[in-house]
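[1] when you get a sec, could you give me coordinates for this:
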Amino acid sequence: MIGPRQARGCSVQGGMSRILGLKIDVDTYQGMKKGVPRLLSLLDREGIRATFFLSIGPDSSGRALFQILKNPLFLKKMIRTRATSLYGFRTALYGTLLPSPKIALSFPDLVRRMMKEGHEVQFHAWDHRRWQDGLFRQTEEWIRDWFKRGIEGFVLLTGKRPTSFAAPAWLIDDRVLSLVGNFRFEYLSCTRAKEPFVHEGTDLVEIPSDLPCFEETGIEEGGRRVLLDLAAGGIHVLPVHAEMEGGLGADAFVHLLRAIRESDYNILTLREIRRFLRPEELANRRFRLELLPGRAVRCAV
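    Numbering: from 1, shown residues only. Okay, here's the model as predicted:
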C-alpha cells in the first residue's frame with residue numbers, strides 16, 4: 001500500500017507508479033443506452049478496466065431548461081458541448097414534456113455485462129438532475145430518501161450494496177458527508193482535488209478527480225490538457241462521461257487512452273487505487289465549493 005506522496009517512482013504490481021483511474025459517470029438514459037455499450041467495446045479492445053458510477057433512477061434532464069433560464073454559464077456550456085448532439089433531442093424533454101425513464105434500472109443486462117467484463121460498478125445517483133440543481137434546497141429527509149431509493153435500485157441490479165459513492169456534479173454538503181458515513185463506503189469520489197485525502201472530521205477516504213474532462217475543455221483541447229497534467233507522474237483520476245466519451249468524443253478518448261498507455265501509466269479501477277492507499281498517511285482536508293474553469297456551477301474542491 002502506498003500514500004500519494006510515495007507514488008512517484010515506486011513499484012506497483014511490477015510497474016512504475018504512474019497510475020490513472022478511469023471514473024466513468026453515467027448521467028442519462030441515452031448515455032446508458034448508447035454511450036455505455038460503445039465504451040465497453042472500446043475498453044475491451046484496449047484491455048482496460050474502469051469504474052462505472054451509475055445513475056439508477058429517473059432521467060430528469062429536461063429540467064436543465066430551468067438552469068439555462070437562470071444561469072448564462074450553463075447556456076454557454078450547452079453550446080460548447082453541443083448538447084443537442086451529445087444528449088439527443090428526447091433527453092431535453094425528459095422530466096418535463098416527456099416522462100422520466102429510469103436510467104440503469106432500464107438496462108439490467110448492460111449492468112451485468114459491465115460486471116462480467118471485470119469493470120467496477122458503483123453508485124452515482126438516484127435522480128442526478130434534481131440533486132445537481134437543488135441539493136442545497138432539499139431537506140435532510142429528502143437526501144436520506146434519495147440514497148435509500150438509489151441503493152435499493154443498485155442492489156436490485158447487482159445483487160450487492162455499493163462500496164463507493166460519487167456525488168452528481170461533484171456536489172456535496174455537510175449533511176451528505178454525515179449521511180454517507182452510515183453506509184460504510186470503502187471510499188468516496190465526490191470532489192475535485194490534486195490527490196487522495198480523508199474528509200476532515202470523518203474516516204471517509206476521498207479519491208478525487210484531478211484531471212479535466214472533455215465537457216470542460218472541449219474535445220480537441222481535452223487530450224492535450226490531460227497529457228500535460230500526467231507528465232509529472234503520480235496518482236490521477238480522469239473523469240469520463242458516458243454521453244461524451246461514449247459519443248462525440250469517443251475517437252479522441254481512444255487516442256488519449258493509447259497515449260496514456262504509451263506514457264507507461266497503469267490504468268486501474270478506483271477500487272484498485274483504494275487498495276494502495278493508507279488512510280493514516282493521507283492529509284485530512286475540508287472541502288469548499290468553487291467554480292472551476294469550464295463548469296457552469298460550483299463543485300466541491
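[2] list the buried residues for stretch 268-278?
    Neighbour-count burial for stretch 268-278 flags 268, 269, 270, 271, 272, 273, 274, 276, 277 (criterion: 16 or more other C-beta atoms under 10 Å). No exception for glycine: its C-beta is placed from N, CA and C like everyone else's.
[3] let me redo that: stretch 230-247
    Under the neighbour-count rule (16+ other C-beta under 10 Å), stretch 230-247 has 230, 233-247 buried.
[4] just the ones of the residues you listed in helices?
    Secondary structure defined by DSSP state H assigns 230, 242, 243 of the buried residues of stretch 230-247 to helices.
[5] next one: the closest residue to the last one other than its chain neighbours from residue 55, what distance?
    Which is residue 243. Spatial nearest neighbour of residue 243, chain neighbours left out: residue 31 (3.9 Å); criterion: C-beta to C-beta, 6 or more residues apart in numbering. With distances taken as C-beta to C-beta, to the nearest Å, residue 31 is found 8 Å from residue 55.
[6] repeat for residue 184
    22 Å.
[7] could you do residue 121 as well?
    On the measure of C-beta to C-beta, residue 121 and residue 55 end up 12 Å apart.
[8] look at residue 25 and tell me its secondary structure.
    With DSSP: H, G, I helix; E, B strand; the rest coil as the basis, residue 25 sits in strand.
[9] show me where the stretch 101-250 of the chain has helices.
    Remark: helices assigned in the stretch 101-250 of the chain by DSSP state H, counting those that start in this stretch are 108-116, 128-134, 140-158, 174-180, 214-217, 219-230, 242-243, 250-262.
[10] please identify the most buried of the ones you listed.
    helix 242-243 (a mean of 28; mean count of other C-beta atoms under 10 Å).
[11] tell me what that helix is packed against?
    Packing contacts for helix 242-243, counted by 3 or more C-beta pairs under 8 Å, 6 or more residues apart in numbering; DSSP states H and E, involve strand 18-26.
[12] tell me what the strand it packs on is packed against?
    strand 51-55, strand 234-241, helix 242-243, strand 266-268, helix 270-276.
[13] tell me the pLDDT at the closest residue to residue 274 other than its chain neighbours?
    Computed as C-beta to C-beta, 6+ apart, the closest residue to residue 274 that is not its neighbour in sequence is residue 187, at 4.6 Å. The per-residue pLDDT reported for residue 187 equals 98.
[14] and residue 187, how close does it get to residue 122?
    Taking C-beta to C-beta, one finds residue 187 at 9 Å from residue 122.
[15] which neighbours do those two have in common?
    Counting by C-beta atoms under 8 Å, 6 or more residues apart in numbering, the shared contacts of residue 187 and residue 122 are 163, 164, 270.
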